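> 3D, please:
(chains A and B, ligands or ions: 2)
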Amino acid sequence: MNRKETVNELQLLVYELDVESAMTKEVVTVSPDLAMDKLPKILKSNRITGVPVTEDGRLVGIISLEDYVRWAADDGKPSCVGDVMTRKVHTIYSDEPLVSAVSRLERFACGRLPVLDRTTDTLAGIVTKGDVIESMLGNLEIDYREEGLRTYRTSRFFEDIVSDSTELSFAYEIRGESISEGGEVASSLKKTLRRLGMHPDVVRRAAITVYEAEMNVIIYAKAGRVRVSIDQHHISMVVEDEGPGIPDLEQAMAPGFSTAPESVRELGFGAGMGLPNIKQCAESFEIESVVGEGTTLRVSFHMEEACA
Amino acid sequence: MEVATGPMTLRRIQEMLGASCITADPPLDLEALVGCASDLMSNVLAFGRPHAILLTGLTSPQTVRTAEVADCVAVCFAYGRQPPAETIELAEGSGIPLFVTPLTLYAASGRLYELGLPGCPEIE
Ligand SMILES: Nc1ncnc2c1ncn2[C@@H]1O[C@H](COP(=O)(O)OP(=O)(O)OP(=O)(O)O)[C@@H](O)[C@H]1O
Ligand SMILES: [Mg+2]
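Ligands and ions are numbered 1, 2, ... in the order given. Here you go, the predicted structure:
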């Protein structure tokens, strides 16, 4: 897998996995009655920098090394954890998708999130950035030692995923080396949309659209790219190339119009149905083209009733 | 003569077209809901319906891509045309069973139609 594919896979996984699959279940906790001066030893022996504070299994706060340092610097007068701890704690439920944990960890710039069980409202675990990364790479069966991924793992991982956490987006390059290789983008997008549990009809229409657009780029423009973004209600796609452009869009849109050469027709293309097909499949359709500069196609699909 | 129209298993299609299967472990109990015949891929995408059997004379890998994108259940090549290895390889990878019939495209389509497998737009 190259890095781009890895990012695509990871972005999908954060939506598919839940917090429970990544969290640490054996959580070290302390009671609010614990004397402050006992805290460093507990943190140190467990090699952690913060710990949830619980009372009868219920989360009442969180106390970190930072809190300890502040307390000690203040005057260090005898106190217990309950007096010093942070009471307002950002938490997450164990059945939420991992992407929620990722965005919350980033947004609140915290190192860890206590995980709560939704039905009992008690502490079920704790999740850190490290847990998220570990779990996702484990799911991808990525060899951590693989060259390039080692550095990737720590530096770009969260940036890539969090870049826009409410919207899933990915890009594919189209290279027109040979017509017979065309369709790779359509095929992999189709798999991705299926994995996301989208309605077969939406998946089919989106795949046909990308396939037609991809073939046009390969045949007429040689190279280009597809950008796909998915939010809760839409799939949007932009297919762009820096090819020769289309002199007469109205003509190009007419069913049956084609400038495909014989060599392309022999391979099953050139019916002049590609653009009409795309217009038929997509819910919104826009095409822009400048001769000598290139062509940009924007389409979108609704998936309101189409979430399996 | 009135013929009942409806889905047809790949097993029956293979038998009726005297076709051989050229991909491993064909799921012969799968049903085709409609038939679609063309050598033009955009036509397949425009007029095809999900779960179609695609009859074609075009043996390039694009046929398999098209079948995959259009949710076809299988592809059957007419005129006894054996596809190149890259087409078979792609089909194995994407789980699209491939058949080859000695019949012409016209005869193969006619035979399935006669046996009651509907054409694409008719299903609606
Ligand atoms: N990206 C593009 N760059 C330049 N010209 C294009 C591009 N896309 C389409 N065209 C022009 O528009 C015409 C119509 O395109 P359309 O996809 O509808 O049909 P086709 O590609 O000719 O045949 P088919 O898609 O049925 O195989 C093409 O023949 C070509 O002249
Ligand atoms: Mg086209």
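
> where are the low-confidence patches of chain B?
In the predicted model, chain B carries pLDDT under 70 at residues B:1-3, B:122-124.

> get me the contact residues on chain B for ligand 1.
B:S42 (CB under 6 Å from any ligand atom). For the C-beta atoms, the positions are set from N, CA and C on the backbone; glycine is no exception.

> can you tell me the residue of chain B closest to ligand 2?
Proximity of chain B to ligand 2 (CB to the ion) peaks at B:S42, 6.2 Å away.

> the residue lying closest to that residue once chain neighbours are set aside and A:I126: what is the separation?
Nearest non-adjacent residue to B:S42, counting by CB to CB, 6 or more residues apart in numbering or on different chains: A:M273, 3.5 Å away. As judged by CB to CB, to the nearest Å, A:M273 and A:I126 stand 56 Å apart.

> could you pull up the mean pLDDT of the helix or strand where A:I278 lies?
Per DSSP states H and E: A:I278 is located in helix A:274-281. If you average the pLDDT over helix A:274-281, you get 95.

> shaky segments in chain A?
Residues of chain A that meet the cut-off, pLDDT under 70, sit at A:1-11, A:137, A:139-168, A:177, A:195-197, A:232, A:304-308.

> for residue 46, what are its contacts?
Because you didn't say which chain, this covers chain A. By CB atoms under 8 Å, 6 or more residues apart in numbering or on different chains, the residues touching A:N46 are A:V28.

> not quite, go with chain B.
A:273, A:276-277, A:280.

> run a quick check on the residue nearest to B:S42 versus B:S38, I expect a contact.
No: the pair A:M273 and B:S38 fails to qualify as a contact (CB atoms under 8 Å) at a distance of 10.3 Å.

> work out for me the element the residue in chain B that ligand 1 sits nearest to sits within.
For chain B and ligand 1, the shortest gap (CB to the nearest ligand atom) falls at B:S42, measuring 3.0 Å. Using DSSP H and E, the element containing B:S42 is helix B:41-47.

> and that helix, how far out from the chain's middle?
14 Å (CA atoms, centre = their mean, to the nearest Å).

> close to ligand 2: what parts of chain A are there?
Counting by CB under 5 Å from the ion, the residues of chain A close to ligand 2 are A:216, A:274.

> pull the longest helix from chain A.
If you go by DSSP state H, chain A has its longest helix at helix A:200-216.

> after it comes which helix or strand?
strand A:223-230.

> show me what counts as buried in that following strand.
Going by neighbour count (16 or more other CB atoms under 10 Å in any protein chain shown), the buried part of strand A:223-230 is A:224-226, A:228-230.

> packing partners of it?
Under the contact criterion of 3 or more CB pairs under 8 Å, 6 or more residues apart in numbering or on different chains; DSSP states H and E, strand A:223-230 touches strand A:168-175, helix A:184-195, helix A:200-216, strand A:234-241.

> list of residues touching the second one?
Just to be clear, that refers to helix A:184-195. A:8, A:12, A:16, A:170, A:172, A:174, A:200, A:202-203, A:206-208, A:210-211, A:214, A:226, A:228, A:235, B:65, B:68-69, B:94.

> all the helices of chain A, residue numbers only.
Under DSSP H, chain A gives helices at A:3-16, A:19-22, A:39-46, A:65-74, A:81-84, A:98-107, A:129-140, A:149-155, A:157-162, A:184-195, A:200-216, A:249-253, A:262-265, A:274-281.

> mind checking those for the one nearest to A:E288?
helix A:249-253 (8.5 Å; CB to CB).

> does the closest one come close to ligand 1?
Yes: counting by CB under 6 Å from any ligand atom, ligand 1 has neighbours in helix A:249-253: A:A252.

> could you give the bridge partners of A:V226?
Taking DSSP bridges, one obtains A:Y172, A:V239 as the residues bridged to A:V226.

> list the contacts for A:E20?
A:94-95, A:115, A:124-125.

> one more time with 6 Å
Contact analysis of A:E20 by CB atoms under 6 Å, 6 or more residues apart in numbering or on different chains lists A:S94.
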